[in-house]
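S.K.: I would like the atomic coordinates for the input below:
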Amino acid sequence: MSMDRRRFLALGATSLGAMVLGACDSHGPAAARGALRFAMRENEGVERFLFRHTSMDHPATERLVGGAFPSYYVSRGVPTWDAARMGEWALEVSGLVRRPLRLTLPELMRQRSVTQRVNHYCVEGWTATTQWTGVRMSEIARLAGALPAAGYVDFQSFDDGYHESWDLESAMHPQTVIAYGHEGKPLSPAYGAPARLHSPVKLGYKNTKYLTKIVFLPERNGGYWTDRGYEWYGGT
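M.R.: As a prediction, the model looks like this:
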């Protein structure tokens, strides 16, 4: 594949307008929606073209953000898993897989783990360096036996129905993890406990917290913010 500089700049210019409108939680005026949808598709094409599965995120700073890392959720208060009311938390893996899984937190923690220091990129414009411990999504896919027909993955949570779907290539990136630890400690409710999705290859709103389900799909669906006008691909 190749793309000349003029076409790259033209696509970048048209996609910028769509991203600004998306960041304002707007689908734009009705008269412009066709053009905006076209710009979004073109922007996604550029992002997919630039994505490299072997490219790793290496923070420029070794300083961890610590407790200054912002906390976001859509519920009125910090979502907390109430085992007495809801039973033991477990991560369900289903959809286009050979072996559907149900992993409790101890079972998830017994899987092959990684600890990585990476950047977190927010659509609001800030970037922070932090550290996550968890299981690679590629390992979850291997355990469940993801089928060749699976091209997308939906990540669902108990945060008032929050979910976001991803392309399979980004989900299988080596730095995409299901995290249960943050900067050397168990993941706290403020940051998505018991487990959350994180990857530096996607903007923050794509990284579903308070995770309960991973569903492998043949076609993509939407997401909490993408259904409200934010870009679906959300790559970095």
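S.K.: now this protein, which segments are flagged as low pLDDT?
M.R.: The model of the chain has pLDDT under 70 over residues 1-42, 45, 48-50.
S.K.: and the spatially most central residue of it, how far from Ala83?
M.R.: The centroid of the chain falls nearest to Asn207 when counting by C-alpha atoms, centre = their mean (3.0 Å). From Asn207 across to Ala83, the span is 24 Å (C-beta to C-beta, to the nearest Å). All C-beta spots, glycine's among them, are computed from the backbone N, C-alpha and C.
S.K.: just Gly184 next, same as before
M.R.: As judged by C-beta to C-beta, Gly184 and Ala83 stand 24 Å apart.
S.K.: go on, Leu105?
M.R.: 10 Å.
S.K.: higher neighbour count, the two?
M.R.: Just comparing Leu105 and Ala83: by other C-beta atoms under 10 Å the higher neighbour count belongs to Leu105, 18 against 10.
S.K.: which strand in this protein runs the most residues?
M.R.: strand 127-136 (DSSP state E).
S.K.: just the endpoints, please. Distance across stretch 217-227?
M.R.: Distance between the boundary residues of stretch 217-227 (C-alpha to C-alpha, to the nearest Å) amounts to 18 Å.
S.K.: quick check, distance from it to the centre of its chain.
M.R.: 11 Å (C-alpha atoms, centre = their mean, to the nearest Å).
S.K.: re the thing from before, quick one, what contacts the residue nearest to the centre of the chain?
M.R.: By C-beta atoms under 8 Å, 6 or more residues apart in numbering, the contact set of Asn207 is 120, 164, 196-199.
S.K.: from those, which is closest to Arg99?
M.R.: Leu197 (20.4 Å; C-beta to C-beta).
S.K.: note down every partner strand of the helix or strand containing the closest one and its orientation.
M.R.: Using DSSP states H and E, Leu197 falls within strand 196-198. Strand pairing for strand 196-198, using DSSP bridges, gives strand 177-182 (antiparallel).
S.K.: all helices for this protein, in order.
M.R.: All helices of the chain, identified by DSSP state H, fall at 5-23, 33-50, 83-86, 105-109, 137-144, 168-171.
S.K.: what's in contact with the third one?
M.R.: Taking contacts as C-beta under 8 Å, 6+ apart, the residues outside helix 83-86 that touch it are 89, 158.
S.K.: again, only using 10 Å
M.R.: Here helix 83-86 makes contact (C-beta atoms under 10 Å, 6 or more residues apart in numbering) with 80, 89, 158, 194, 212.
S.K.: what does the fourth one give?
M.R.: Residues outside helix 105-109 that contact it (C-beta under 10 Å, 6+ apart): 81, 88-91, 101, 103, 133-135, 140, 178, 180-181, 186-187, 193-195, 211.
S.K.: swap in 8 Å and give it another go.
M.R.: When contacts are defined by C-beta under 8 Å, 6+ apart, helix 105-109 is touched by residues 89-91, 135, 178, 180, 194-195.
S.K.: for the residue nearest to Ser157 when sequence neighbours are not counted, give me phi and psi.
M.R.: Of all residues not flanking Ser157 in the chain, Tyr210 sits nearest, at 4.1 Å (C-beta to C-beta, 6 or more residues apart in numbering). Phi and psi for Tyr210, reported as degrees, to the nearest 10, are phi 50, psi 50.
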